[in-house]
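[1] Sharing a model that was predicted from the sequence below.
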Amino acid sequence: MEHRAGYLSNLTPLRGIAALLVAVFHFEMAVARFVPAQKTMFFEKSYLMVDLFFIMSGFIMLHVYKENFQDSISKITFKKFIVARFARIYPLHFFSLSLLIILVLIFSPAGTYPNRIEDPAAIPSNFLLLNAYYIHNIYTWNIPSWSIGAEWAAYLIFPMLALFINKKKAVIILVLFVFAAYLSIMFLLPRKNPLYPLIPVPHNLNTTYDYGFLRGIAGFITGMIVYKAYQLSAFKNLFNKDAIALLIILLICAALHFAINDAFCIILFAALVLSFACNNNYVHQLCNNKIVQYLGRISYSIYLMQIFLQEPFSKELRLPGVTGFGRGKQNIDFSSGMFYCMAYLGLLVLISSITYYLIEQPCRKFINRKWG
């Protein structure tokens, strides 16, 4: 497949920042909470960074592959697309899941395995990327990988969506679908907290193992709709200003801080992707800094490898100074927590750099060369 679309370098740092924020969110859930929710809900709501991933993914897929599926879907074109996407996400997923299973079997203290999260019966569904379809009643194994299953679901239907989105009134229909999907997740679908099933689930988008596939597809389609706006000169002229990008960033920070409804955050994320993609000014210069570009490149490894720094804390390990017990209920003072969290992120970036160069890149090139 020939790709003549230009590289959207401004979106690369967003992937890195989003991956790091998800890692901090899980640090506070699995290791120790150092920023009380009473002070700010910013990190508490950072699970929404996954939705930013989905939106960027839909946007970029349409940007790269729009010409391949704008008129028809051929067998060869579909095969090359699926092979390319499989090569992008599956090798690291397979490696991280396999390694996690081996380490759990070897190092689990007596009485800590098997458990609901490390359920042997959930291994096949995780390998088959079926971990976002409510097959099990709790998130299992490499917990963040539910979104990889959701992403794969979006890839499978993307060629049809790319063909459909150019039809008359298609964007209106897709907007209505996205609205209905998000509304259903927040208010209609029967959801439960897997650890505390008697507690009512808040009206948010934090669905993962259960209806995560719907959340992923809705975000992916949102990104495709945003790309259609990106193609219009009127939107480019409006959103290419640095002031617009800064305003959107401030609004997102405020929305997360005050825990504004998740649907409003989705709208802001869509605007953020559009503004960064359009920008060719100071924001563009900042985004092309080598450090933030590198974090974006290894963001997938950051996202999947974080489980290995969290897993020991589910096996009775505790940081000095931590009080409280239970996922999301372990607390530590801010200064100590900040120190540990920065060390955790530094180690995560190091590990992710290794897996990026030893697993991600070589496997992607090999699969595309052999089958794509």
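    Ah, there it is. Since we're looking at a predicted model, the values are computed, not measured.

[2] Going by C-alpha atoms from here, please, whenever you check contacts or count neighbours.
    OK.

[3] ok, the spatially closest residue to Asn279 that is not a sequence neighbour - contacts?
    What sits nearest to Asn279 in space, not counting adjacent residues and going by Cα to Cα, 6 or more residues apart in numbering, is Asn240, at 4.1 Å. Contact analysis of Asn240 by Cα atoms under 8 Å, 6 or more residues apart in numbering lists Ser275, Phe276, Ala277, Cys278, Asn279, Asn280, Asn281.

[4] Mind giving me the PyMOL command for buried ones among those?
    To isolate the buried members of the contacts of Asn240 in PyMOL, using 16 or more other Cα atoms under 10 Å:
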select buried, resi 275+276+277+278+279
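
[5] Could you report the pLDDT at the residue nearest to Asn279?
    pLDDT for Asn240: 91.

[6] Please identify the helix or strand for the closest residue to Ser299 other than its chain neighbours.
    Among residues not flanking Ser299 along the chain, Gly16 sits closest, at 4.8 Å (Cα to Cα, 6+ apart). Applying DSSP states H and E as the criterion places Gly16 in helix 12-30.

[7] What of Ala343?
    helix 334-355.

[8] Run the angle between that helix and helix 12-30 for me.
    Interaxial angle of helix 334-355 relative to helix 12-30 (axes from the mean of the first three to the mean of the last three Cα atoms, to 10 degrees): 130 degrees.

[9] Measure how far helix 334-355 is from the centre of its chain, please.
    Mean C-alpha position of helix 334-355 versus that of the full chain (Cα atoms, centre = their mean, to the nearest Å) differs by 19 Å.

[10] Same check on stretch 90-99?
    16 Å.

[11] just stretch 229-244 next, same as before
    Its chain's C-alpha centre and that of stretch 229-244 lie 25 Å apart, by Cα atoms, centre = their mean.

[12] Distance across that stretch, terminal residue to terminal residue?
    End-to-end distance of stretch 229-244: 16 Å, with Cα to Cα, to the nearest Å as the criterion.

[13] ok, now stretch 106-124?
    20 Å.

[14] swap in stretch 320-337?
    Stretch 320-337 end-to-end distance (Cα to Cα) = 10 Å.

[15] buried stuff in the biggest helix by length in the chain?
    Across the chain, the longest stretch assigned as helix under DSSP state H is helix 75-107. For helix 75-107, burial by neighbour count (16+ other Cα under 10 Å) applies to 77-78, 81-93, 96-97, 100, 104.

[16] which phi and psi does the residue with the largest distance to the centre of the chain have?
    Ranked by distance from the centre of the chain (Cα atoms, centre = their mean), the top residue is Ala110, with 33.3 Å. For Ala110, the backbone dihedrals (degrees, to the nearest 10) come out as phi -60, psi 130.

[17] Could you look up the SS state of Gly326?
    Assigned with DSSP: H, G, I helix; E, B strand; the rest coil, Gly326 falls in the coil class.

[18] Now do the same for stretch 89-99: mean pLDDT, whole number.
    97.

[19] quick one on the thing from earlier: helix or strand next in line after the helix holding Ala343, which one?
    Using DSSP H and E, the first helix or strand after helix 334-355 is helix 361-371.
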